[in-house]
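Novice: Got a sequence here, can you build the structure:
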Amino acid sequence: MSIENKNMALLDGEPLISYCIEALKHTDITERVCSTDSAPVANLARRKGLTVVDRPKHLRGPIVPIVKVIKNFVETNYGQDEERPDAILLVQPTSPFVTPYQIQTLVGMLSAEPDAQSAQTICKVPHNFHTWNQRTLSPNKQVAWIYPQRSWAYNKESKPTSYKFGNLVLTRTAAIIQGEMFPTPSLGLEISLFDSIDVDGQNDLDMAEALVQAGVLGMWTDNYENGEE
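Specialist: Reported below is the predicted structural model:
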């Protein structure tokens, strides 16, 4: 079950959205914009120095693709093509363990490859979650493999390595205008499984809280160096 107003859910006593904002403060990115239709989120973002953009009514709600929201922002706030930023970084409040290192590295990767249209963090999928290991469950409780490869690819070594989305994507603005958030060629930066946690439900929040309390992960503050963990 999802968490109501989850962007403001408390993680170690701090609203979830505070984590990505603090990470951004330790990077070279100076234009930081929060698009929201939530008053509490807007108020917190303003207090932390972000520019807040209220979403139009037709772009509100959980099922609206985020690329449409960003496209609307660009077209509304940058009249001419030459005024538009080269790329836009999507930072999601439900990814609390974004780091300055990850942000700066993606920016550097995309800047160094003019032909690349996006750069994203990715995370290696654990063997037990591999695509070929997925199953179906019939109404009469019968379990079956979805992919026939599983009949012979029964161990980790016999399966190709696969990756899931990590926590960040940096996309050329021109591609966003065309309605693409992950255009190719896309560059990848591998991050840890912990860093890629996406807080959607209470179980995710509980796991994130446990990692913070264990000292494994936490918020970026002035006491942290801007570098790789």
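
Novice: Tell me the confidence at the closest residue to P100 other than its chain neighbours?
Specialist: Counting by C-beta to C-beta, 6 or more residues apart in numbering, P100 lies nearest to H26, which is 4.0 Å off, once chain neighbours are set aside. Quick note: C-beta positions are derived from backbone N, CA and C, even for glycine. In this model, H26 is scored at 93, pLDDT.

Novice: Mind checking which residue lies nearest the centre of this structure?
Specialist: If you average the C-alpha coordinates of the chain and look for the closest C-alpha using C-alpha atoms, centre = their mean, you land on N167, 3.1 Å from that point.

Novice: Can you classify it by secondary structure?
Specialist: Here N167 is strand, with the state taken from DSSP: H, G, I helix; E, B strand; the rest coil.

Novice: Now do the strands in this structure.
Specialist: With DSSP state E, the ranges of strands along the chain come out as 10-11, 14-15, 33-36, 51-54, 87-91, 118-124, 135-137, 143-145, 163-172, 186-190.

Novice: Tell me which of the ones you listed approaches N203 most closely.
Specialist: Closest approach to N203 among the strands of the chain is made by strand 10-11 (13.6 Å; C-beta to C-beta).

Novice: separation between the residue nearest to the centre of the chain and N155?
Specialist: Distance from N167 to N155, counting by C-beta to C-beta, to the nearest Å: 29 Å.

Novice: H127 now?
Specialist: Applying C-beta to C-beta, the value for H127 to N155 is 8 Å.

Novice: tell me how far the ends of stretch 107-127 are from each other?
Specialist: As for stretch 107-127, its first-to-last residue distance stands at 30 Å under the measure C-alpha to C-alpha, to the nearest Å.

Novice: no wait, stretch 23-43
Specialist: Taking C-alpha to C-alpha, the span from the opening residue of stretch 23-43 to its closing residue is 19 Å.

Novice: Identify the residues contacting that stretch?
Specialist: Contacts with stretch 23-43, where a contact means C-beta atoms under 8 Å, 6 or more residues apart in numbering, come from 5, 7-8, 17, 21, 45, 48-55, 60, 69-70, 73, 85, 89, 91, 93, 98-100, 103-104, 107, 220, 224, 226.
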